[in-house]
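1. after the sequence you'll find the predicted model.
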Amino acid sequence: MFKVAVTLVVSAGLAVCCAMMAVLIALVASSPTKGWSGRSLSLLDPTYASKYIPIIASVSEHQPPTWPSYFMDINVLAFLVPAGIIACFSPLSDASSFVVLYIVTSVYFSGVMVRLMLVLAPAACILSGIALSQAFDVLARSIKFQLPGFPTNSEVDAGDSNPITVEAKNNAPKTDKTGEPSKDRPSRKNKKKGKEQAERPSVKGKPEKKRLLVLPMGASILALLLLVLLSAFYVVHSVWAAAEAYSAPSIVLTSYSHDGLHVFDDFREAYAWLSHNTDVDHKVASWWDYGYQTTAMANRTVIVDNNTWNNTHIATVGTAMSSPEKAAWEIFNSLDVKYVLVVFGGLVGYPSDDINKFLWMVRIGGGVFPHIKEPDYLVNSFL
Amino acid sequence: METEMGFSRFALFLFTIALLSSPVLSDLVLSKVDRRIYLTSQIVRYTATLRVENEGSELVSEVLLAFPELQAKNLAYLTVSVNEGKGKQKVSTDDLPIEVVSPKNMPPAVSFYSVTLPKGLAPGDSLTLDVMAVFTHALQPFPEKITQADIQLVVFQDSAYYLSPYAVKVQSLSVKLPEARIESYTKLENTKVHGSEIKYGPHEDLPAFSYSPIGIHFESNQPFSNAQEVEREIEISHWGNVQITEHYKLIHGGAQSKGEFSRLDFQARPNVRGASAIRYLVATLPPRAHSVYYRDEIGNISTSHLWSDSKKTELLIEPRYPMFGGWRTAFTIGYGLPLQDFLFQSEGKRFLNITLSSPMVELVIDKLIVKVVLPEGSKDISVSTPFPVKQWQETKISHLDIDGRPVVVLEKTNVVPEHNKYFQVYYKFNKLSMLREPLMLISGFFFLFVACIVYTRADISISKSSASYLAKQQWEEVQAAIQQVESIINRCLATHDKLEASLRDLSRTGDVQACKAARKTADGLLKDLSKELKPLLAFLQSSPSASQILPKVEDLVAKEKELQERVMTKHSTVVDAYERKSAGKDIENRVALQQQKITALKQEVDDLMEYIDEI
């Protein structure tokens, strides 16, 4: 009886699973993009977003990166990574082949979308760490074995470092070892390698001798110092990049003029004015970049914000921004908007204001409302 | 506004008629009245010098001051003092006590204040009184809505004749305006304009309650900064700091702004576009103020400057945006002051001597709330203020508090900078109560550390005779025994190696005696080792928890013995062969079989050792 019940439950469960799988496959197969969302499709086909979904293309983090942005982000690692890839091949183990695959795919994808530089960064760090560590290994070894008064190779312990070429020709150490009475049993793995023969002395499990690199002393000290300096400058650059590029809140803009630091606090001024001088239920329409800031600091309802998934809604606001006054007034009136927030940077030369973003508003609005055509907004209608 | 002005003028006209039919009060006569009204800021300041003569036959001990009721509603501050100097030398004495009175048989819509004279005025004597009054919200913006480019014009209404229950012999009025630009003013006879000053008078021999309304319409670009609510919190910490936090809700009280605000115009030509905007506020803090911060709900406001010297600390703050008419803002200012400047001791009580109102210059406050937070454990709290305020007590719970700190709350409406006088809060505080907070922290950490010590050192095993505990102990013993067996076997194997080595020596040197000697020592060693092995094996056989591993160990021992025997036979064969001087190849053939077996056995022994190791 028990066996029957078990079989029943298992088969019922399997049937349910198969049914769900079938439904899932049907859903995926029926969607036009086979289940891929817009953002991930644009990774495979970088022109997809700009053709079909302008709102994804308009986000500046989705653009392909330029070479300066690579150097800004990974700096020195840009030329240490290829060295690391080569170093990974010297003993090609599972781990090192994984890292090579990782770096190659992440380099490709980060070339498609600058936001994916985040994915490249750990791989780049690992590989440059490998490259630097190999370099330090060679240089430190060169210095170590050329230091005056370094003891000769009589106490090389089993399994670890390799005998250097200078002493390798000397067979005497080996026969000394075989005669040592107090030596403990060497490790068993090494023992397996050696074949015992009555006549000849056995080779005690040493890995095969390699000819290893030893650079001249002066050059290796200089190279070591330069590598340390390089790493130090890299640290300085990383700290600066973290402070300036990743931590500086773009809500307070600073500029250094001849009389010290000048602070442009215009955003907070506008939000504070909205917060104190408008009614609580007045709505503010702006481009979606300022949505969260307005909600948090001005404490007013916005029409679209950074997390709006409704493309049509954003397109409505974009259309209103690109229409003449009467049409725009009607759109905003239908949305029950009391205030419109627009950022203009012409007075001080702020480069990422709404005028700069205007063509994207046109494109996004035109993506949903066909009466907004991009060539209407350009002086010479060839792109 | 036209109709309003007309209406108020009509009301005043009726009022004047009513006044003329009212009785004359007492026998005082004002022989000379000089009035000066300062309209140079949003706060209207009014000083009057009255020369009072007692023309009756009785001692008079009080003088009545009259203000029209509309004006009295805006009265924020009133002081009267006796002026004892002669001629140009004016020496003021202390303020005289003033009371609001409502005497009978007086005309309506007039408020009366009664000033008590300290020594009374003897008949025939005369006295000079200095009256100072401060009015808020007395300037009406007209027009009420202006654009950014318009100038702000305000209207001030008063009477050219001094309103008084006594007859006035000679009087004059002078009005000082902020700028020379006057839109319009009521022209009576004897009116002169000098630049930004208008003089009315002198008028002679006017009866009591004479009133002649005048209105002045002029330009005033002074910032009409009006705080609707100010909450000032003064927290005393006996560890050496008085922390003051002030929350402001500010509004621009002038003409409302209509139309658009153009920042470009405002920055390019600030005096033409937006002359009446509030651009900054100045606060005068006590000297040695430290840790000054200026922030609002959103965050820190960076547009501020601080200068300090030995007498005062000046703080200039700019609100986030320039304020035009009707605009609001809100912010918080905080600073710390050294305790020894403000806390003193007298007669067993401590008292705090600090200014009551906000340190801002020329700020009209509609509602001021002052909270004085005293340290926990303060008793017998009493407050003494230079003018009446509404007060009550609360509790505030703050860091390391058990019951909460007593808070004295004072409230006053319609506050002007003249109210910023010192007030005192008296309380009793036991010196030992200061140790309460450090002791609380110290004992907390102390008990935490003691608990950690006890926990790590106490033995909290539940029972020493539980089955699992015993089983664990037995298993440990078995493991120790196995380790010893392993070491013995290792030593046996080492001895085998020595024998092999001696064979090799033999092949090299041909020294048979040395070989035989080695054999003898090896024999002895092996015998000792097997003797050591016996008790261990017996123990393992007896203990129940070694039952799993016992067969393997026995197997290992057996194999090792076999190996030992074969090595011995091989050794003896080789030695014999050497003694009989047979050829090398011959020897090899004889020992080949043995050698094979030896190698195989060695391999098995190795495997077993590894297996036992892993358990």
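-> Sure, I can see it. Numbering: from 1, shown residues only, chains lettered A, B, ... in the order given.

2. tell me the residues on the stretch 251-383 of chain A that lie near chain B, please.
-> A:263, A:265, A:268-269, A:271-273, A:275-277, A:297, A:347 (CB under 8 Å from any CB of the partner chain). Heads up, the C-betas are built off the backbone N, CA and C, glycines and all.

3. as JSON lines, those with secondary structure, neighbour count and pLDDT would be great.
-> Converted to JSON lines, those look like this (DSSP: H, G, I helix; E, B strand; the rest coil; neighbours: other CB atoms under 10 Å in any protein chain shown; pLDDT from 0 to 100):
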{"residue": "A:Val263", "secondary structure": "strand", "neighbour count": "11", "pLDDT": "83"}
{"residue": "A:Asp265", "secondary structure": "coil", "neighbour count": "20", "pLDDT": "87"}
{"residue": "A:Arg268", "secondary structure": "helix", "neighbour count": "23", "pLDDT": "92"}
{"residue": "A:Glu269", "secondary structure": "helix", "neighbour count": "18", "pLDDT": "92"}
{"residue": "A:Tyr271", "secondary structure": "helix", "neighbour count": "25", "pLDDT": "94"}
{"residue": "A:Ala272", "secondary structure": "helix", "neighbour count": "24", "pLDDT": "94"}
{"residue": "A:Trp273", "secondary structure": "helix", "neighbour count": "19", "pLDDT": "94"}
{"residue": "A:Ser275", "secondary structure": "helix", "neighbour count": "22", "pLDDT": "94"}
{"residue": "A:His276", "secondary structure": "helix", "neighbour count": "22", "pLDDT": "94"}
{"residue": "A:Asn277", "secondary structure": "helix", "neighbour count": "17", "pLDDT": "93"}
{"residue": "A:Met297", "secondary structure": "helix", "neighbour count": "20", "pLDDT": "93"}
{"residue": "A:Leu347", "secondary structure": "coil", "neighbour count": "11", "pLDDT": "84"}
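
4. nearest to B:Leu177, of those residues?
-> A:Asn277 (30.7 Å; CB to CB).

5. nearest spatial neighbour of that closest one, skipping sequence neighbours?
-> B:Trp327 (5.4 Å; CB to CB, 6 or more residues apart in numbering or on different chains).

6. for the one you found, give its distance to B:Pro143.
-> 18 Å (CB to CB, to the nearest Å).

7. residues near residue 219, how many?
-> Picked chain A for this. 11 (other CB atoms under 10 Å in any protein chain shown).

8. other chain: chain B
-> Using other CB under 10 Å, the number of residues around B:Glu219 comes to 17.

9. what's across from it in the sheet?
-> For B:Glu219, the beta-bridge partners are B:Leu153 (DSSP bridges).

10. quick one: it and B:Arg181 touch, right?
-> Yes - using CB atoms under 8 Å, B:Glu219 is in contact with B:Arg181, at 4.4 Å.

11. what is in contact with these two at once?
-> Common contacts of B:Glu219 and B:Arg181 (CB atoms under 8 Å, 6 or more residues apart in numbering or on different chains): B:Ile151.

12. isn't B:Val134 up against B:Ala76?
-> Yes - using CB under 8 Å, B:Val134 is in contact with B:Ala76, at 5.0 Å.

13. got any residues that touch both of the two?
-> By CB under 8 Å, 6+ apart, B:Val134 and B:Ala76 have these common neighbours: B:43, B:416, B:418.

14. most surrounded residue in these?
-> Greatest neighbour count in the shared contacts of B:Val134 and B:Ala76, by other CB under 10 Å, goes to B:Ile43: 23 neighbours.

15. from what I can see that residue touches B:Phe135, true?
-> Yes - between B:Ile43 and B:Phe135 a contact is recorded at 7.3 Å, counting by CB under 8 Å.

16. mind listing the shared neighbours of those two?
-> Both B:Ile43 and B:Phe135 are in contact with B:Ala76, where contact means CB under 8 Å, 6+ apart.

17. which residue comes closest to residue 214 once chain neighbours are left out?
-> As the question left the chain open, I've gone with chain A. Using CB to CB, 6+ apart, the closest residue to A:Val214 is A:Ser142 (5.0 Å).

18. switch to chain B, that's the one I care about
-> B:Thr186 (3.9 Å).

19. buried ones in the strand or helix carrying the residue nearest to A:Val214?
-> Using DSSP states H and E, A:Ser142 maps to helix A:117-146. By neighbour count on 16 or more other CB atoms under 10 Å in any protein chain shown, the buried set for helix A:117-146 is A:117, A:119-120, A:123-124, A:126-128, A:130-132, A:135, A:138-139, A:141-143.

20. what sits against residue 112?
-> The chain I'm using is chain A. By CB under 8 Å, 6+ apart, the neighbours of A:Val112 are A:42-43, A:46, A:64.

21. was after chain B, sorry
-> For B:Phe112, the contacting residues are B:64-66, B:100-103, B:106, B:165, by CB under 8 Å, 6+ apart.

22. most neighbours among those, which one?
-> Neighbour counts for these peak at B:Pro165, which has 23 neighbours (criterion: other CB under 10 Å).

23. with B:Gly510 as the reference, measure out to that residue.
-> Distance from B:Pro165 to B:Gly510, by CB to CB: 151 Å.

24. how deep is residue 247 tucked in, by neighbour count?
-> No chain was given, so I picked chain A. When neighbours are defined as other CB under 10 Å, A:Ser247 has 8 of them.

25. to clarify, I was referring to chain B.
-> B:His247 has 17 nearby residues by other CB under 10 Å.

26. name the nearest residue to it, ignoring sequence neighbours.
-> Per CB to CB, 6+ apart, closest to B:His247 is B:Glu231, 4.5 Å.

27. sorry, back to before: how about the contacts of A:Val112 in a markdown table, adding pLDDT, neighbour count and distance to chain B?
-> Below are these laid out as a markdown table (pLDDT from 0 to 100; neighbours: other CB atoms under 10 Å in any protein chain shown; distance: CB to the nearest CB, whole Å):
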| residue | pLDDT | neighbour count | distance to chain B |
| --- | --- | --- | --- |
| A:Ser42 | 77 | 22 | 36 |
| A:Leu43 | 78 | 16 | 38 |
| A:Pro46 | 75 | 16 | 39 |
| A:Pro64 | 85 | 11 | 36 |
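
28. pLDDT at the residue positioned nearest the centre of chain A, what is it?
-> Centre of chain A computed as the mean C-alpha position; nearest residue by CA atoms, centre = their mean is A:Leu118, 1.5 Å away. With respect to pLDDT, A:Leu118 scores 90.

29. and the one 10 residues further on, by the same measure?
-> With respect to pLDDT, A:Ser128 scores 95.

30. spit out the contact partners of the nearest residue to it once chain neighbours are set aside.
-> With sequence-adjacent residues excluded and distances taken as CB to CB, 6+ apart, A:Ser128 is closest to A:Leu80, at 3.5 Å. Counting by CB under 8 Å, 6+ apart, A:Leu80 touches A:127-128, A:131-132.

31. quick one: the residue nearest to A:Asn277 from B:Ser276, how far?
-> B:Trp327 is 12 Å from B:Ser276, by CB to CB.

32. grab the nearest non-local neighbour of residue 374.
-> Just going to use chain A. Nearest residue to A:Glu374, sequence neighbours excluded (CB to CB, 6+ apart): A:Val362, at 5.4 Å.

33. I was thinking of chain B, sorry if that wasn't clear
-> Here the residue nearest B:Leu374, using CB to CB, 6+ apart, is B:Pro406, at 5.2 Å.

34. ditto for B:Gln71
-> With sequence-adjacent residues excluded and distances taken as CB to CB, 6+ apart, B:Gln71 is closest to B:Phe135, at 6.5 Å.

35. burial count for the one you found?
-> Count around B:Phe135 with other CB under 10 Å applied: 24.

36. what residues does the stretch 201-350 of chain B have near chain A?
-> Residues of the stretch 201-350 of chain B lying near chain A (CB under 8 Å from any CB): B:264, B:296-299, B:301-303, B:320-321, B:327-330.

37. go again using 7 Å as the cut-off
-> Selection of the stretch 201-350 of chain B residues close to chain A by CB under 7 Å from any CB of the partner chain yields B:264, B:296, B:298-299, B:302, B:320-321, B:327-330.

38. thank you, goodbye.
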